[in-house]
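> sequence first, predicted coordinates after that:
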Amino acid sequence: MGIGDSAVPSFSLPVPSAFGPLALLWRDTPAGPRVQRLLLPREGRPGWPSNIIPGSCPPMAALAEQITRFLAGEEIAFPLEMLALETCSAFQQRVLRVEHSIPRGCVSSYGRIASHLGVPGAARAVGAALANNPFPILIPCHRAVRADGTLGGYRGGVAMKRALLEMEGVAVSAAGKVLNFREGLADPACGAGFPACPDGLERPPAAPFRVGSQ
């Protein structure tokens, strides 16, 4: 049941930030309020379905406040339980869960995520799954970059992606490349990084890169 299902009302909650206003789209479900999508400042708002109306509730108001604090530089981890992940395909859900596990101050590459998922040739599919992430910020897709360390795309714009990474302590060159990025090296300080594969298969850890690892 997606955000465009006109039979079910959905709500829009504005989220102020230094980057510009965001919009939190959410819906009541039997399990409680769930985020359907988070729109970044650069994304347009025209053409919304008529079932989307302004609205808030205590959990979503608290989440909106956390997003504002995160975008002001505060370290905040967002729970997956408030996200309507079931609106994504099974493959995209796997990608998003991996991306969610990458800690602040670390980055990974599309190819490394694909390898961790057991599909080493699917870097582009991983990139597409992240490019269509309905929950940016909440699932920090800005922490995935290209294999050569260049930033890649971002729905909020490359300038926002760069600013988010730099705010988290990741150094980016004037040319838009993560400094000291080495494909294939991982710093144990980043932790186990990725969760167990949802399909239950055991695979070697695929920890993200901590910038500055040599």
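That came through fine.

> next SSE downstream of the longest helix anywhere in the chain?
Scanning the chain for the longest helix, with DSSP state H as the assignment, gives helix 58-71. Using DSSP states H and E, the helix or strand that follows helix 58-71 towards the C-terminus is helix 90-100.

> show me what that next one is packed up against.
For helix 90-100, the packing partners by 3 or more C-beta pairs under 8 Å, 6 or more residues apart in numbering; DSSP states H and E come out as helix 110-116, helix 123-131. Where you see a C-beta, it was placed from the backbone N, CA and C, and this is true even at glycine.

> for it, which outside residues touch it?
80, 85-86, 88, 108, 113, 116-117, 125-126, 129-130, 132-133, 135, 139-141, 143-144, 194-195, 197-198 (C-beta atoms under 8 Å, 6 or more residues apart in numbering).

> ok, stretch 144-154 next?
Applying C-beta under 8 Å, 6+ apart, the contact partners of stretch 144-154 are 99, 102, 107-111, 113, 123, 126-127, 130-131, 136, 141-142, 158, 160-162, 165, 172, 175-179, 181, 183.

> what is the mean pLDDT for stretch 13-28?
Mean pLDDT, stretch 13-28: 94.

> same question, stretch 114-124
Mean predicted confidence for stretch 114-124 is 92.

> for the remainder of this discussion, apply numbering that starts at 35.
Fine by me, first position is 35 from now on; the one you just mentioned is stretch 148-158.

> buried residues in that stretch?
Across stretch 148-158, burial judged by 16 or more other C-beta atoms under 10 Å covers 148-151, 156-157.

> mind giving me the packing neighbours of the strand or helix carrying residue 72?
Take DSSP H and E as the rule and residue 72 turns out to sit in strand 66-73. Contacts defined by 3+ C-beta pairs under 8 Å, 6+ apart place strand 66-73 against strand 56-63, helix 92-105.

> pick the most deeply packed of those.
strand 56-63 (a mean of 20; mean count of other C-beta atoms under 10 Å).

> re the thing from before, would you list the helices and strands packed on strand 66-73 in JSON lines and tack on distance to residue 129?
Converted to JSON lines, the helices and strands packed on strand 66-73 look like this (distance: least, C-beta to C-beta, whole Å):
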{"stretch": "strand 56-63", "distance to residue 129": "21"}
{"stretch": "helix 92-105", "distance to residue 129": "21"}
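
> residue contacts, residue 159?
By C-beta under 8 Å, 6+ apart, the contact list for residue 159 reads 125, 148, 153.

> of the buried residues of stretch 148-158, closest to residue 59?
Of all those, residue 151 has the smallest distance to residue 59: 27.5 Å, by C-beta to C-beta.

> who's the closest spatial neighbour of that closest one, skipping the chain neighbours?
Spatial nearest neighbour of residue 151, excluding adjacent residues (C-beta to C-beta, 6 or more residues apart in numbering): residue 128 at 5.7 Å.

> picking up where we left off before, the contacts of residue 159 into a markdown table, with extra columns for distance to residue 57?
Formatted as a markdown table, these follow (distance: C-beta to C-beta, whole Å):
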| residue | distance to residue 57 |
| --- | --- |
| 125 | 26 |
| 148 | 31 |
| 153 | 33 |
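
> buried stuff in stretch 133-153?
By neighbour count on 16+ other C-beta under 10 Å, the buried set for stretch 133-153 is 133-151.
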